[in-house]
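Q: sharing a sequence plus its predicted fold:
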Amino acid sequence: MSQYSDELGAWWTEFPGSDRATWLASAPHAPAPAQDGVRGAMSRRALKRGFIVPPGKRERARREKTAEWRRQTVGGIREPSLKSGVITVGSGFGGTGKTDVAVTLAAIYAAARPSDRVILADSNDDMPHGYIRLGGLPVESLPPGQRPLSIRGFHQACVEGNIKVYADLRDAVAWLQGVAVIRGDTADECVGVDFGEQEYLTVLEFLQCMSNIVINDGGTGLFAKLQVGTLLHGDKYVFVTEASQLGFWSIGQVFSRYRNYEGEKERPLSDREMSHLRGLMDEATIVVDKLVADDPEQARWYARICENFDGTRVSVVASPWDQALANRVPLDLGAVSEVTLDAKLAMAEVVLRGVERANRRRQGLPDEPGRAGYGQAAAAEPPRWFSEPMPPAGVTGSQEAPAGAEPMRPAPWPANGAGG
């Protein structure tokens, strides 16, 4: 067995919605102290003396509303039946929170869907970011024989027949927070060892037979051979950006160019592959990460991103800035605020619904009635600010786009329905 811990961590067992936790608002035998208003102020002072001031009627109603939203969201994450789904996470430039989104999705799916096998494949070069973010030990500190396989090493093991069944996979890779992690390569491991579309496809074909959910932490930028390959063989595209002029511009650049991409001279795309790329862009999820809602500049650019995709199949979700996720520290969802965790759950449900639609389409099944899940109303919104921060007073969405930005309206959905 792998020497790396596969425990989910206390964040899930203590989170309202897991099978082993009790809803705070539904536990009268263990009343939580009041937090809001005068009662909250009294409670904070009374707690020092060992007394508890219970919440008032309004606060109890608010807590129950939040609790019910969490029940429904966790239930929505658990509901899809997936034999195999591939999620590709990308960005237009570095530092947007792409790896944070990838590892958070993996951790949530592993916790909420314990019967599934969730695998995070890190196809970034030079640094095993996802492995480190999930708490993996520094690769350089481990003896060569004890290091979990990198994605290049995993490909070589598949080619040589050293990995044949799931038990082989589990023993060969890191197992962190319930997720099987195929780490990215270090700079030294990349030297002289190519890893492009064909190598990725070899790995992916094996992973799809051994897991229900594969999350690929893809590259940054455009048209690297590996990045195109991860999209051509993916079911769902998650694009991570920031609420800024650069973030707004990167969306237009990446989406419009992928919709019109025809391949390279040595690797032209077929009509089916081009249709698939357009479909991924047309049903992508844009995650605006590290959003500071009370920053007027960020609120303005976030509102513009939402406006550009209003009424389309592209879903836009936001995740607030949280100090517990800063500076590339190991992921601990128990340390983030409730607002942040709610945002992550909403993101996880929207993304998995997209994977489910791709699976149904691939099997020739229609979308489930009432489960469209597109646009800004992709999931029932929690009683939180993050779902739609409003622009500051006097700011409208009619301002000019930054120089060089291309229109972000997606092309019409292909008539043949491809895109899964």
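A: Good, I have the coordinates. Residues are numbered from 1 along each chain as shown.

Q: neighbours of Asp235, just the number please.
A: Burial measure for Asp235: 25 neighbouring residues, criterion other C-beta atoms under 10 Å. (Glycine included, C-beta is placed from N, CA and C.)

Q: shouldn't it be in contact with Pro80?
A: No - in this structure Asp235 lies outside contact range of Pro80 using C-beta atoms under 8 Å: 11.5 Å.

Q: common neighbours of those two, please.
A: Val355, Asn359 (C-beta atoms under 8 Å, 6 or more residues apart in numbering).

Q: quick one, helices of this protein?
A: Counting by DSSP state H, the chain has these helices, from start to end: 10-13, 37-47, 57-78, 98-112, 129-133, 151-160, 166-172, 187-190, 197-210, 225-232, 245-259, 271-282, 296-309, 338-362.

Q: and these: which comes nearest Ser84?
A: Ranking the helices of the chain by proximity to Ser84 (C-beta to C-beta) places helix 197-210 first, at 4.4 Å.

Q: so which of the helices of the chain is the most surrounded?
A: Burial of the helices of the chain is given as mean neighbour count (mean count of other C-beta atoms under 10 Å); helix 98-112 ranks first at a mean of 27.

Q: what sits closest to Phe239 if chain neighbours are left out?
A: Leaving out its chain neighbours, the residue that sits closest to Phe239 by C-beta to C-beta, 6 or more residues apart in numbering is Ile286, at 5.1 Å.

Q: can you check Asp116 too?
A: Asn212 (3.9 Å).

Q: among the helices of the chain, which is nearest Leu142?
A: In terms of C-beta to C-beta, the element of the helices of the chain nearest to Leu142 is helix 129-133, at 11.5 Å.

Q: just checking, what packs against the closest one?
A: The contact analysis (3 or more C-beta pairs under 8 Å, 6 or more residues apart in numbering; DSSP states H and E) places helix 129-133 against helix 98-112, strand 118-122.

Q: okay, the angle between the longest one and strand 118-122?
A: Computed with axes from the mean of the first three to the mean of the last three C-alpha atoms, to 10 degrees, the direction of helix 98-112 lies at 170 degrees from that of strand 118-122.

Q: tilt between helix 98-112 and helix 57-78?
A: Counting by the same axes, to 10 degrees, helix 98-112 lies at 90 degrees to helix 57-78.

Q: now helix 98-112, how far from the chain's geometric center?
A: Relative to the chain's own centre, helix 98-112 is displaced by 6 Å; criterion: C-alpha atoms, centre = their mean, to the nearest Å.

Q: what angle sits between it and helix 338-362?
A: Using the same axes, to 10 degrees: helix 98-112 against helix 338-362 is 80 degrees.

Q: Val203 reaches Ala121, doesn't it?
A: Yes - Val203 is within contact range of Ala121, at 6.8 Å (criterion: C-beta under 8 Å).

Q: which residues do those two both contact?
A: With contacts defined as C-beta under 8 Å, 6+ apart, the residues shared by Val203 and Ala121 are Ile151, Ile182.

Q: which stretches of the stretch 201-350 of the chain have low pLDDT?
A: Within the stretch 201-350 of the chain, the ranges that satisfy pLDDT under 70 run 219, 221-225, 327-328.

Q: kindly state the beta-bridge partners for Trp175.
A: Under DSSP bridges, the beta-bridge partners of Trp175 are Ala180.

Q: now do the same for it: its pLDDT.
A: pLDDT recorded at Trp175 is 90.

Q: where's it relative to Ala157, distance?
A: 16 Å (C-beta to C-beta, to the nearest Å).

Q: for Gly252, same thing?
A: Taken as C-beta to C-beta, the span from Gly252 to Ala157 is 40 Å.

Q: same thing with Gly85?
A: Separation of Gly85 from Ala157 (C-beta to C-beta): 24 Å.

Q: equivalent analysis for Ala299, please.
A: Ala299 is 48 Å from Ala157, by C-beta to C-beta.

Q: equivalent analysis for Gln72, please.
A: For Gln72, the distance to Ala157 equals 42 Å [C-beta to C-beta].

Q: and for the nearest residue to Ile213 once chain neighbours are set aside, the neighbour number?
A: Nearest non-adjacent residue to Ile213, counting by C-beta to C-beta, 6+ apart: Val118, 4.8 Å away. A count of nearby residues for Val118, using other C-beta under 10 Å, gives 24.

Q: close enough to count as contact, Val118 and Ala106?
A: Yes - checked against C-beta under 8 Å, the pair Val118 and Ala106 is within contact range at 5.6 Å.

Q: alpha carbons of stretch 166-181, in CSV - could you do that?
A: Output in CSV follows, covering the C-alpha atoms of stretch 166-181 (Å, rounded to 0.1, in the frame of the first residue of the first chain):
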residue,chain,number,x,y,z
TYR,A,166,-6.0,-0.2,-9.7
ALA,A,167,-4.0,-1.7,-6.9
ASP,A,168,-0.8,-1.0,-8.9
LEU,A,169,-1.9,2.6,-9.4
ARG,A,170,-2.7,3.1,-5.7
ASP,A,171,0.7,1.7,-4.7
ALA,A,172,2.6,3.8,-7.2
VAL,A,173,1.2,7.3,-6.7
ALA,A,174,0.7,9.7,-3.7
TRP,A,175,-2.7,9.3,-1.9
LEU,A,176,-3.5,12.7,-0.3
GLN,A,177,-6.9,13.8,1.2
GLY,A,178,-8.7,10.9,-0.4
VAL,A,179,-7.3,11.7,-3.9
ALA,A,180,-4.9,9.7,-5.9
VAL,A,181,-2.3,12.2,-7.1
